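Peer 1: Fold the stuff below for me.
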Amino acid sequence: MKNEKMPLQVWILTLAAFAIGTAEFVVAGILPQVAHTLSITEGQAGYLISGYALAIVFGGPLLTIYLARFNKKKVLAGLMVLFILGNLLSAYAPNYWILMTSRVITGLVQGPFYGIGAVVATGLVAKNMAGRAVGQMFAGLTLANVLGVPGGTWIGLQFGWHTTFLTVAAFGAIALFFIAVVIQSHGHEQAKAVKTQLIAFKNPLLLISLTVTVLVWSGFMTLYGYLAPIAMHVSGFDAQDVTWILVIVGIGLIIGNHLGGRSSDKNLHNASIYWALAMIVSLLLVGLSLSHSWLFIAAAFVFGVASFANVPTMQLRVMNHGGEGQELAATANISAFNLANAFGGFLGGVVIDSHFGAGMIPFAAVVVPLIGVIFIVRANRREILSPLSQA
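Peer 2: Okay, here's the model as predicted:
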């Protein structure tokens, strides 16, 4: 019987994912301070988030095409060096445009690191633990939401937002040290031509899997991005309550990520459809509980569990159909997540500004994931019938 303990190398990737995830989301917590210090509007400060996301969506796959030819340990280490430099530039940025440039530089790291890191993580474990390895790495992203963002916000309030970026850079330096010391170099030397990587995208199952990520995940961000106004304006909570509400939801994200990884290893087809439907049901529960504050909290926790359980299933499904372009496919899925983030944020914004208001957001969030379920059913059928299926 094989040892089912998670290798130390995967935990190192989790630490790196925590640092990167904190860098992505922490701007939301220090946004007013950044705007005040640089004499810009909060809307302009918010574009720092958009710049980061666009770097992930467009820059990540292009960078991965180039980096896939090199030793993966060296690539991960190099990406962390770029991450550290980007955050140091953010910390000492004297004006808005240099800060924006630093955010774009930092954002370029996320897609390749998560994509290549996920491939490295699955290569370190037995095949029946691939889902748990991916889930373990992405646990760093959930911890970033629960600990990193609130912690970075507190540091910004106490010591200034520059110190927040210095702290994130320090976590990156720690991750870099352990990547250099712990992760092994062998087994990652074979160069991959650009044509070899791109040919994977001729596989319709890969394209369907990426589509599933965009459609299903948009339901998460449509609600999650607007939990604060929903809690305050519909469920009657105070502004200071939002922090602990997000922590409770964040705990749900951690649990869901773990459950999603384990269920993916047991049966990826069933896990994919089950967790997508579970998220849809949880969105409806949130919508139906808005007028009852504590039921709303419970439903939001369930939403956290059900939604993030989809992350390992979606990432593993894409990797299964990546073929020789597995790193690029995995990175493209990170771009798909961020496209869903952008669309979900837009949809939620349209609803909250309409005459329906914030109370309609959970119900609006259901629509697009329902379309995603149709794609999952279609993909499952094709995978079962296809002799090349790896799921």
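
Peer 1: Stretch 47-55 - what's its average pLDDT?
Peer 2: For stretch 47-55, mean pLDDT is 80.

Peer 1: List the buried residues in it.
Peer 2: For stretch 47-55, a neighbour-count test (16 or more other C-beta atoms under 10 Å) marks 48-49, 51-55 as buried. Just so you know, the C-beta spots here come from the backbone N, C-alpha and C atoms, and that holds for glycine as well.

Peer 1: Next: stretch 174-184.
Peer 2: Buried, per 16+ other C-beta under 10 Å, within stretch 174-184: 175-176, 178-179, 183.

Peer 1: Was I right to think Asn257 contacts Pro312?
Peer 2: Yes - applying C-beta atoms under 8 Å, one finds Asn257 in contact with Pro312, separated by 6.7 Å.

Peer 1: low pLDDT regions in the stretch 201-350 of the chain?
Peer 2: Residues of the stretch 201-350 of the chain that meet the criterion pLDDT under 70 lie in 239.

Peer 1: please redo it, this time with the cut-off set to 80
Peer 2: Scanning the stretch 201-350 of the chain for pLDDT under 80 picks out 225, 228-229, 239-240, 242-243, 246, 323-327, 330, 342, 345-346, 349.

Peer 1: still on that earlier bit, can the buried residues of stretch 174-184 go into CSV with extra columns for secondary structure, pLDDT and distance to Thr37?
Peer 2: Output for the buried residues of stretch 174-184, formatted as CSV (DSSP: H, G, I helix; E, B strand; the rest coil; pLDDT from 0 to 100; distance: C-beta to C-beta, whole Å):
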residue, secondary structure, pLDDT, distance to Thr37
Ala175, helix, 93, 28
Leu176, helix, 95, 28
Phe178, helix, 93, 33
Ile179, helix, 91, 33
Ile183, coil, 81, 38
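
Peer 1: related to what we said a few turns ago, okay, and the common contacts of Asn257 and Pro312?
Peer 2: Shared contacts of Asn257 and Pro312 (C-beta atoms under 8 Å, 6 or more residues apart in numbering): 135, 138.

Peer 1: Could you list which residues are in contact with Phe138?
Peer 2: Shown in contact with Phe138 (C-beta under 8 Å, 6+ apart): 17, 114, 118, 257, 311-312, 315.

Peer 1: Which of those ranks first by neighbour count?
Peer 2: The most crowded member of these, judged by other C-beta atoms under 10 Å, is Pro312 (33 neighbours).

Peer 1: Which other helices and strands does the strand or helix carrying that one contact?
Peer 2: Using DSSP states H and E, Pro312 falls within helix 310-320. Here helix 310-320 touches helix 96-123, helix 130-143, helix 204-224, helix 241-266, helix 268-288, helix 326-353, going by 3 or more C-beta pairs under 8 Å, 6 or more residues apart in numbering; DSSP states H and E.

Peer 1: Touching, Gln136 and Trp11? I think so.
Peer 2: Yes - Gln136 is within contact range of Trp11, at 7.3 Å (criterion: C-beta under 8 Å).

Peer 1: For these two, indicate the residue with more neighbours.
Peer 2: Using other C-beta under 10 Å as the criterion, Gln136 and Trp11 rank with Gln136 on top: 23 against 15.

Peer 1: got a pLDDT number for the more buried one?
Peer 2: 82.

Peer 1: Contacts only, for it.
Peer 2: Per C-beta under 8 Å, 6+ apart, neighbours of Gln136: 6, 10-11, 13-14, 121, 261.

Peer 1: ok, 7 Å please
Peer 2: For Gln136, the contact set (C-beta atoms under 7 Å, 6 or more residues apart in numbering) comprises 6, 10, 14, 261.

Peer 1: Likewise for Gly21?
Peer 2: So Gly21 contacts 140-141, 144, 148 (C-beta under 7 Å, 6+ apart).

Peer 1: Confidence-wise, which of those comes last?
Peer 2: Ranked by pLDDT, the contacts of Gly21 bottom out at Leu141 (79).

Peer 1: ok, for that residue, nearest residue in space, not its chain neighbours?
Peer 2: Gly21 (4.0 Å; C-beta to C-beta, 6 or more residues apart in numbering).

Peer 1: Check the gap between the one you found and Leu223 for me.
Peer 2: Distance, Gly21 to Leu223, using C-beta to C-beta, to the nearest Å: 19 Å.

Peer 1: try Ala271
Peer 2: Counting by C-beta to C-beta - Ala271 and Leu223 are separated by 21 Å.

Peer 1: what's the helix or strand for Thr64?
Peer 2: Using DSSP H and E, Thr64 falls within helix 60-67.

Peer 1: Contacts for the helix or strand just after that helix next, please.
Peer 2: Stepping forward along the backbone from helix 60-67, the first helix or strand reached (DSSP H and E) is helix 72-91. Outside helix 72-91, the residues within contact range by C-beta under 7 Å, 6+ apart are 16, 20, 23, 67, 98-99, 102-103, 105-106, 108-109, 112-113, 116-117, 120, 162, 165-166, 168-169, 172-173, 175-176, 179-180, 183-185, 188.
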